[in-house]
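**Student:** Return a 3D structure for these sequence lines:
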Amino acid sequence: MKKSLWLLAGLLVACNSSQKTVSKDVVSKAPVDPKAYAETITESELKEHLYTYASDEFEGRETGQPGQKKAIAYIKTEYEALGIPPAQSNGDYFQKVPIEISNLPIGKLRIDNKDFLLGNHVLTFSSSQSDYNEIVYVGYGIEEDQYSDYTGLNVAGKILLVKSGEPVNNDGTYVVSGTSEKSVWSNMSESLGKRLQLAQEKGASGVLYYDSENFARFKRRFDYMKSNSSGRMSLKDLGTENFSSLFIDQTLAKTIMPTIEKDSSPKILDTKLSLDFESSNDAVDSENVVAFIEGTEKPDEYVVISSHLDHIGISSEGEINNGADDDGSGTVALLEIAEAFEKAKEAGNGPKRSLVFLHVTGEEKGLLGSQYYTDIEPTFPLDQTVANLNIDMIGRIDPKREGDRNYIYLIGSDKLSTELHELSEEINAKYTNLELDYTYNDENDPNRFYYRSDHYNFAKNNIPIIFYFNGTHDDYHRPSDTPDKINYDLLENRTRLIFYTAWELANRNNPVIVDKATD
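**Tutor:** Purely as a prediction, here's the structure:
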């Protein structure tokens, strides 16, 4: 699912997929049967695309590297051959995504007169140089409905101490949910970002975050980056450049506040703190590719179909990570879906709603391309985007899974819209009869796949999503993820399912209803 890039000359020869034709007489006007268009999605053309896209010439498609440039050139050439125009008003298929590498900083944190060197009890991934005469402890750092850890506190310009978890009543129920069920604030994948965002909105200049259960996870990431001399990629100019995010362990947390484990009451700590972390940033040139078919009746409503174009590049041993499944399979599926819709349009059966074909960069670096599209520069308004169908690894079989090989994992279809989930089930039963496996849709899934691909940036904006996924395998993020290991019959059937679902979303009278909106 996440990281790489490379080529051009051979890419300019569009594969013969653009030669396919569907007669206007194949589909009756009312009702329009999409089957003839779905059948233009074939094993042979998926395979032809993928043997090029996941070849050594593309050098693993790493974000910002020459292989990524070859990847976007290939995608652009295919859309031009199909006659599908770019989505941007400036006529460019490429949406520039400003990314930078924050090299690991060096330095120390000082509490009163005691130093803590970076990489031991404190971790941060960006520069930070500030002095404070006090620290504001805000307990869990939560604000939700009738509960707030910020009540009566002015934290503007202050450094905050925040701990993980959430408040519990005397009877064992959780204060925020009012039930025995934990709230989103106990979900590390979501709550860390929510805490940091809330602190920024309150005007704080930084957060010292104490999470005893996950500090080791942050430490492994830090040590990996240090040993590989790699910095952290992030979007440039998100307004957080002056905000300090630091992760601290139990030793440092208790040095600052010995009672932190049991005491959750916000308070001002008369503690001097000095941050002295220096780093440097390097710009990375990278792009999303966005193509577009305008709707015939509801052109200002949009269905976004996405996949990530990047992978993890070349290993330190010089081996190319081709990323045939991750996410070459999603990329070529998206191209074939786009072609099927274009053939429908040519036959006079274009979609009622507009379709956006979004190939995002930087997924392997932290969902950066989709974050830029949703949070910074949406090509089309998010409040007029009715759904996102995200394709990330659909060409293989999960070896851990038991049952029929003709399956697909669906994640997130019911998270925001009951109607979308029901529509998805009905479309599958009508056209493709795959086994829809919801194993990884479980809130308690330790893999947290719902938060690990590009659909999540749409979901957090209350846009209904479906994430299509075949699961991981022994070749995941390895040089052995090659085109010869793809199950092209499954890739064809799964791609057709996504096409049929997009067809229904684009042509139904009303957009699917959001009945489970997030905060």
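**Student:** Report the separation between residue 385 and residue 86.
**Tutor:** 18 Å (Cβ to Cβ, to the nearest Å). In this view, the C-beta of every residue, glycine as well, is placed from N, C-alpha and C.
**Student:** Let me know the distance separating the residue nearest to the spatial centre of the chain from residue 33.
**Tutor:** In the chain, the centroid-proximal residue (Cα atoms, centre = their mean) is residue 454; its distance is 2.6 Å. When distance is defined by Cβ to Cβ, residue 454 is 31 Å away from residue 33.
**Student:** Going by neighbour count, which residues of stretch 312-322 are buried?
**Tutor:** Neighbour-count burial for stretch 312-322, counted by 16 or more other Cβ atoms under 10 Å, picks out 312-314, 320-322.
**Student:** Can you pick out the ones from those that are in helices?
**Tutor:** In helices, judged by DSSP state H, none of the buried residues of stretch 312-322 are found.
**Student:** okay, the residues you listed in JSON lines with distance to residue 120 and pLDDT next?
**Tutor:** As requested, the buried residues of stretch 312-322 are exported to JSON lines (distance: Cβ to Cβ, whole Å; pLDDT from 0 to 100):
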{"residue": "312", "distance to residue 120": "29", "pLDDT": "96"}
{"residue": "313", "distance to residue 120": "30", "pLDDT": "96"}
{"residue": "314", "distance to residue 120": "32", "pLDDT": "96"}
{"residue": "320", "distance to residue 120": "36", "pLDDT": "98"}
{"residue": "321", "distance to residue 120": "32", "pLDDT": "98"}
{"residue": "322", "distance to residue 120": "38", "pLDDT": "98"}
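**Student:** do you know how far residue 306 is from residue 185?
**Tutor:** As judged by Cβ to Cβ, residue 306 and residue 185 stand 28 Å apart.
**Student:** In terms of neighbours, single out the busier of those two.
**Tutor:** residue 306 (30 against 25; other Cβ atoms under 10 Å).
**Student:** check contacts around the more buried one.
**Tutor:** 334, 358-360, 370, 388-391, 454-455 (Cβ atoms under 8 Å, 6 or more residues apart in numbering).
**Student:** domain ranges for this protein?
**Tutor:** The record's domain split for the chain, according to automatic domain parsing, is 35-98+286-507, 106-279.
**Student:** Can you tell me which of the ones you listed is packed in deepest?
**Tutor:** Across the domains of the chain, averaging neighbours per residue (mean count of other Cβ atoms under 10 Å) puts domain 35-98+286-507 on top, at a mean of 21.
**Student:** What ranges does the chain have for its helices?
**Tutor:** Going by DSSP H, the chain shows helices at 35-38, 43-53, 66-82, 188-201, 215-227, 250-256, 330-346, 368-371, 418-427, 455-459, 488-507.
**Student:** Compare those and give me the one nearest residue 116.
**Tutor:** Taking Cβ to Cβ, helix 250-256 is the member of those nearest to residue 116, at 5.7 Å.
**Student:** what's in contact with the closest one?
**Tutor:** Everything outside helix 250-256 that qualifies as a contact, by Cβ under 8 Å, 6+ apart, is 109, 111, 114, 116, 121-122, 135, 161, 163, 208, 210, 212, 215, 248, 260-261, 269, 271.
**Student:** now, which of those residues lie within strands?
**Tutor:** Under the assignment DSSP state E, those contribute 109, 111, 114, 116, 122, 135, 161, 163, 208, 210, 248, 269 to strands.
**Student:** ok, the closest residue in space to the second one that isn't next to it in sequence to residue 122 distance?
**Tutor:** Using Cβ to Cβ, 6 or more residues apart in numbering and skipping the chain neighbours, the partner closest in space to residue 111 is residue 255 (5.6 Å). From residue 255 over to residue 122 the distance is 11 Å, taken as Cβ to Cβ.
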